[in-house]
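Visitor: Give the three-dimensional model of this entry:
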Amino acid sequence: MSEVKPAVDRKARLKIPAQPMPEQDPAVRVHNWDEAYLPIDLKTAKIEAERCIQCPAAPCVKACPVENDIPGAFWLLEHGDITGAADKFRETSSLPEMCGRLCPQERLCEGHCVVGKNAKPVAIGRLEVFVTDYQRENLGFPMPEPAPPSGRRVAIVGAGPAGLTVAEEMVVRGHGATVFDAWPEPGGILLYGIPNFKMAKRILDEKVDFLKKLGVRFLMNTHIGTEVTLEDLFAEGYDAVFFGHGASIGNLLGIENDDLEGVYMATDFLVRGNLRPEQLPEGQREPVHVGKRVLVIGGGDTSMDCVRTAVRLGAEEVRCMYRRTEAEMPGRIDERVHAREEGVITDFLVAPVRLLGDERGRVKAVEFRRMELGEPDESGRRRPVPIEGSEFVVEADTVVLALGYSVDRIFSDAVSGLEADRQGRIAVDRETGRTSVPGVFAGGDNVNGADLVVTAIRDGRRAASGINEYLRSLAPQRVAAK
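Guide: Numbering: from 1, shown residues only. Okay, here's the model as predicted:
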């Protein structure tokens with residue numbers, strides 16, 4: 001935790017007003033793909049950091065999955081040590097500039113900020129972005145001094161946040177690290193799921209370049225579990241394997257005509273709308289032509305990504321169709337606000353019954369049924385109950401299914417002895433990432449189910465420590481190999 005600091009006048013700090021956090025005007029940003037949030041200046045950042053009352057209990061730290069020392073970072077920031085503040089975040093997080101942009105702070109650190117009990121909470125996410133962006137843009141990522149080569153090699157399956165975290169930690173600890181991924185470029189969800197208006201791609205590009213300079217190898221367009229098996233990896237000389245392949249299978253509707261032309265799964269829609277053709281597999285390089293009316297079915301962050309992408313692709317009317325009320329929506333509040341500001345309409349308490357197509361087999365409308373809320377289900381949210389006879393039809397040129405994600409069972413099914421549940425989520429020791437197969441570790445969404453970038457980072461760091469201990473338990477290697 002933080003170093004000992006002089007006593008602070010908490011009452012005086014509580015009187016400091018929340019600083020304005022600038023954003024692009026909605027009328028402007030719908031015509032570009034730049035981040036909605038604009039940078040803040042040093043003066044604003046220092047004043048906002050001083051709003052932190054440096055409370056000893058630090059509930060913000062406890063609410064952070066990676067336990068960032070937030071008060072410690074803000075103490076350094078308010079005293080002008082921007083680089084020190086950035087390094088404080090990097091002590092516990094591998095991707096802080098990304099977490100600052102992507103974490104649901106209102107549920108995590110900011111939601112537990114003591115200042116937020118009587119005023120607006122400290123803008124923790126925006127300050128995390130400020131200090132880490134400043135450091136990266138002016139000094140680059142801090143380059144660590146790796147430990148002496150151990151001669152051990154680790155295969156990392158999945159180039160998303162968990163995999164990138166493990167790769168970095170392995171190289172720093174002296175081990176070789178090779179990342180395998182089925183997509184053409186590294187990043188996983190960070191590249192193929194997060195639109196540019198939430199996080200500029202150059203930030204990920206710079207991180208990948210840093211990892212390559214550090215010594216991480218990337219082998220893309222490689223399908224582990226089909227083209228390359230676990231046995232192949234061990235036979236090639238890898239001493240341990242980390243599975244960080246995430247939860248990439250989009251959930252289906254399972255209703256009539258959900259295979260019509262013009263119906264997209266969320267990831268397919270997002271990558272075609274947000275990325276250059278050369279960043280995609282050959283079968284996904286055809287751009288999306290959304291037409292005038294787009295319906296997005298679902299209510300989480302991915303659905304917000306889809307509706308906001310549809311706006312930027314030129315749709316005249318974009319609607320989000322959700323079967324509960326806004327109170328039950330699982331995504332970030334900011335994302336819903338941004339979507340509304342950009343003209344997106346949300347219809348609550350509606351569920352699709354069937355899709356309607358034209359004579360060419362292309363979607364032209366969706367039939368919905370109105371819902372009401374009943375008793376809570378296993379998620380704790382009130383269950384939507386159909387209202388009989390309430391069906392109605394909404395015209396659509398494009399329909400996007402953003403219904404959440406499941407783990408691809410190909411990995412658990414392909415590995416003999418690997419324990420997993422019925423949903424394909426891999427069973428691990430939560431402190432080390434060890435699976436039921438010796439030398440195999442896992443972490444992230446393929447363990448937790450679809451979750452957050454920051455929880456994948458947490459799992460990656462824990463697994464990295466577990467892998468390191470495992471490698472040290474093996475007989476010493478004579479020749480270092482990467």
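Visitor: State the next helix or strand along the chain beyond the helix or strand of the chain with the lowest mean pLDDT.
Guide: In the chain, the helix or strand scored least confidently by mean pLDDT, DSSP states H and E is helix 410-414, which has a mean of 85. Using DSSP states H and E, the helix or strand that follows helix 410-414 in sequence is strand 440-442.
Visitor: next one: that following strand to chain centre, how far?
Guide: Taking C-alpha atoms, centre = their mean, to the nearest Å, one finds strand 440-442 lying 20 Å from the centre of the chain it belongs to.
Visitor: Which elements pack onto it?
Guide: strand 240-243, helix 453-473 (3 or more C-beta pairs under 8 Å, 6 or more residues apart in numbering; DSSP states H and E). Yep, even glycine has a C-beta here, placed from its N, CA and C like the rest.
Visitor: What segments of the stretch 101-250 of the chain are strands?
Guide: Assigned by DSSP state E, counting those that start in this stretch, the strands in the stretch 101-250 of the chain fall at 153-157, 176-180, 217-219, 240-243, 249-250.
Visitor: possible to save those strands as TSV with mean neighbour count and mean pLDDT?
Guide: TSV is the format used below for the strands of the stretch 101-250 of the chain (neighbours: other C-beta atoms under 10 Å; pLDDT from 0 to 100):
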stretch	mean neighbour count	mean pLDDT
strand 153-157	28	98
strand 176-180	25	98
strand 217-219	17	98
strand 240-243	28	98
strand 249-250	19	94
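Visitor: Please dump these into JSON lines; it should also carry distance to P438 for every row.
Guide: Output for the strands of the stretch 101-250 of the chain, formatted as JSON lines (distance: least, C-beta to C-beta, whole Å):
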{"stretch": "strand 153-157", "distance to P438": "14"}
{"stretch": "strand 176-180", "distance to P438": "19"}
{"stretch": "strand 217-219", "distance to P438": "24"}
{"stretch": "strand 240-243", "distance to P438": "9"}
{"stretch": "strand 249-250", "distance to P438": "28"}
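Visitor: Looking at these, which is nearest to T83?
Guide: strand 176-180 (26.5 Å; C-beta to C-beta).
Visitor: before we move on, back to that, got TSV for the helices and strands packed on strand 440-442, with distance to A18 too?
Guide: Shown next, in TSV, are the helices and strands packed on strand 440-442 (distance: least, C-beta to C-beta, whole Å):
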stretch	distance to A18
strand 240-243	41
helix 453-473	23
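Visitor: deepest of those, which one?
Guide: Ranked by mean neighbour count, these are led by strand 240-243 with a mean of 28 (mean count of other C-beta atoms under 10 Å).
Visitor: quick one: low-confidence ranges for the stretch 1-150 of the chain?
Guide: Along the stretch 1-150 of the chain, the parts satisfying pLDDT under 70 run over 1-4.
Visitor: the helices in it, which residues?
Guide: In the stretch 1-150 of the chain, the helices defined using DSSP state H, counting those that start in this stretch lie at 10-14, 26-29, 42-50, 59-63, 70-78, 82-90, 96-102, 124-139.
Visitor: Can I get the ones you listed in TSV including mean neighbour count?
Guide: Below are these laid out as TSV (neighbours: other C-beta atoms under 10 Å):
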stretch	mean neighbour count
helix 10-14	12
helix 26-29	14
helix 42-50	19
helix 59-63	18
helix 70-78	25
helix 82-90	22
helix 96-102	25
helix 124-139	22
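Visitor: Among the ones you listed, which comes closest to H245?
Guide: helix 96-102 (18.8 Å).
Visitor: which helices and strands sit right next to that closest one?
Guide: By 3+ C-beta pairs under 8 Å, 6+ apart, helix 96-102 packs against helix 82-90, helix 124-139, helix 201-214, helix 453-473.
Visitor: for the longest one, packing partners?
Guide: Packed against helix 453-473 by the contact rule (3+ C-beta pairs under 8 Å, 6+ apart) you find helix 96-102, helix 161-172, strand 240-243, strand 440-442, helix 445-448.
Visitor: let's go with 6 Å and repeat that
Guide: Judged by 3 or more C-beta pairs under 6 Å, 6 or more residues apart in numbering; DSSP states H and E, the packing partners of helix 453-473 are helix 161-172, strand 240-243, strand 440-442.
Visitor: Report the distance from that helix to the chain centre.
Guide: Taking mean C-alpha positions (C-alpha atoms, centre = their mean), helix 453-473 and its chain are 18 Å apart.
Visitor: re earlier: the strands of the stretch 101-250 of the chain: which one's closest to R272?
Guide: strand 249-250 (13.8 Å).
Visitor: Show me what the closest one pairs with in its sheet, parallel or antiparallel.
Guide: With DSSP bridges as the test, strand 249-250 is paired with strand 405-406 (antiparallel).
Visitor: what's the average pLDDT for the strand it pairs with?
Guide: Per-residue pLDDT over strand 405-406 has a mean of 95.
Visitor: what comes into contact with that strand?
Guide: A247, I249, G250, N251, A450 (C-beta atoms under 6 Å, 6 or more residues apart in numbering).
Visitor: Export those residues as TSV, with columns for distance to E145.
Guide: Shown next, in TSV, are the contacts of strand 405-406 (distance: C-beta to C-beta, whole Å):
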residue	distance to E145
A247	35
I249	40
G250	42
N251	45
A450	36
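Visitor: that older thread, mind checking which of the helices and strands packed on strand 440-442 is nearest F180?
Guide: strand 240-243 (9.5 Å).
Visitor: for that closest one, packing partners?
Guide: Using 3+ C-beta pairs under 6 Å, 6+ apart: strand 240-243 touches strand 153-157, strand 440-442, helix 453-473.
Visitor: among the ones you listed, which is nearest A339?
Guide: helix 453-473 (20.0 Å).
Visitor: can you redo the helices and strands packed on helix 96-102 as CSV with distance to P104?
Guide: Formatted as CSV, the helices and strands packed on helix 96-102 follow (distance: least, C-beta to C-beta, whole Å):
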stretch, distance to P104
helix 82-90, 17
helix 124-139, 9
helix 201-214, 19
helix 453-473, 9
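Visitor: With respect to C113, which of those helices lies nearest?
Guide: When the helices and strands packed on helix 96-102 are compared by C-beta to C-beta, helix 124-139 sits nearest C113, at 6.9 Å.
Visitor: Centre of the chain to the closest one, how far?
Guide: On C-alpha atoms, centre = their mean, the centre of helix 124-139 falls 18 Å from the chain's centre.
Visitor: Equivalent analysis for stretch 218-233, please.
Guide: 24 Å.
Visitor: And that stretch, end to end?
Guide: With C-alpha to C-alpha, to the nearest Å as the measure, stretch 218-233 spans 14 Å from end to end.
Visitor: Could you do stretch 393-409 as well?
Guide: Start and end residues of stretch 393-409 are separated by 36 Å (C-alpha to C-alpha).
Visitor: Tell me the buried residues in it?
Guide: 394, 396-408 (16 or more other C-beta atoms under 10 Å).
Visitor: Show me where the stretch 201-350 of the chain has its helices.
Guide: Going by DSSP H, counting those that start in this stretch, the stretch 201-350 of the chain shows helices at 201-214, 230-235, 266-274, 301-312, 333-341.
Visitor: right, and the helices of the stretch 1-150 of the chain - which one's nearest F348?
Guide: helix 26-29 (21.6 Å).
Visitor: ok, A12 to A464 distance?
Guide: Distance of A12 to A464, given as C-beta to C-beta, to the nearest Å: 42 Å.
Visitor: Then N118?
Guide: Distance of N118 to A464, computed by C-beta to C-beta: 40 Å.
Visitor: repeat for G237
Guide: Counting by C-beta to C-beta, the gap from G237 to A464 is 20 Å.
Visitor: next one: T432
Guide: 10 Å.
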